[in-house]
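> Need coordinates for the following:
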Amino acid sequence: MGLRSQLGSVATFAERWRGVADVLVVYIKEAFPAESQWPAPVPDGAPVNAARTLDERVALARRFADNLPGNVGGSALPLFVDGLGDDGSRAFDAYPFRAYLLDEEGRVAVTSSKGASGFLPTLERAAAWLGTRAAATTDQ
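Numbering: from 1, shown residues only. Coordinates of the predicted model:
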């Protein structure tokens, strides 16, 4: 199960926690570009080659967003693009995709396990963490 199939859950999560948490998507390098041993099928059928320039990666990110249902790249789920140095991907061990919750200080509060199976449970743990924080704020 790839990221495309799970972004609806991210959009739902973002809507549920609007005003409490900011949710965003960071586009990183292609996990399975056309020139790899296992190229991934894409909704529009056109091959996706690994980006060689930042402009190419931005174009791939826009194409990615255009082929998804929901609000990715719109106001509900802003889309950011990792640079060609892949600093964001390395910092969060995000390849091929992960979900993280950062607290108010920018520290990782909830981290995703590797692999697609860790993505949805991470959203559930993030919701529980946010619920606890929201309840604590309300009680004060």
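
> what about the closest residue to Pro33 other than its chain neighbours, distance to Ala34?
Residue nearest to Pro33 in three dimensions, not counting chain neighbours: Ala50, with 4.1 Å by C-beta to C-beta, 6 or more residues apart in numbering. Yep, even glycine has a C-beta here, placed from its N, CA and C like the rest. Using C-beta to C-beta, to the nearest Å, one obtains 8 Å as the distance from Ala50 to Ala34.

> Equivalent analysis for Gly131, please.
Distance, Gly131 to Ala34, using C-beta to C-beta: 42 Å.

> Equivalent analysis for Ala99, please.
26 Å.

> For the two, indicate the residue with more neighbours.
Under the criterion of other C-beta atoms under 10 Å, the comparison of Ala99 against Ala34 puts Ala99 first, with 25 against 13.

> Just the helices from the chain, written as ranges.
3-16, 54-66, 87-91, 119-139 (DSSP state H).

> quick check: angle from the second one to helix 3-16?
What that stands for is helix 54-66. Helix 54-66 runs at 70 degrees relative to helix 3-16, counting by axes from the mean of the first three to the mean of the last three C-alpha atoms, to 10 degrees.

> Need the mean per-residue confidence for helix 54-66.
Helix 54-66 shows a mean pLDDT of 89.

> from memory Val58 sits against Val81, does it?
Yes: between Val58 and Val81 a contact is recorded at 5.4 Å, counting by C-beta atoms under 8 Å.

> Between the two, tell me which one has more neighbours.
Set Val58 next to Val81 and count neighbours by other C-beta under 10 Å: Val81 wins out with 19 against 14.

> Read off the pLDDT value for that one.
For Val81, the predicted pLDDT is 95.

> Who is it paired with across the strands?
Beta-bridge pairing for Val81 (DSSP bridges): Tyr27.

> ok, now how distant is the residue nearest the centre of the chain from Ala11?
Centroid-nearest residue in the chain: Val25, 3.8 Å away (criterion: C-alpha atoms, centre = their mean). In this view, Val25 and Ala11 are 10 Å apart by C-beta to C-beta.
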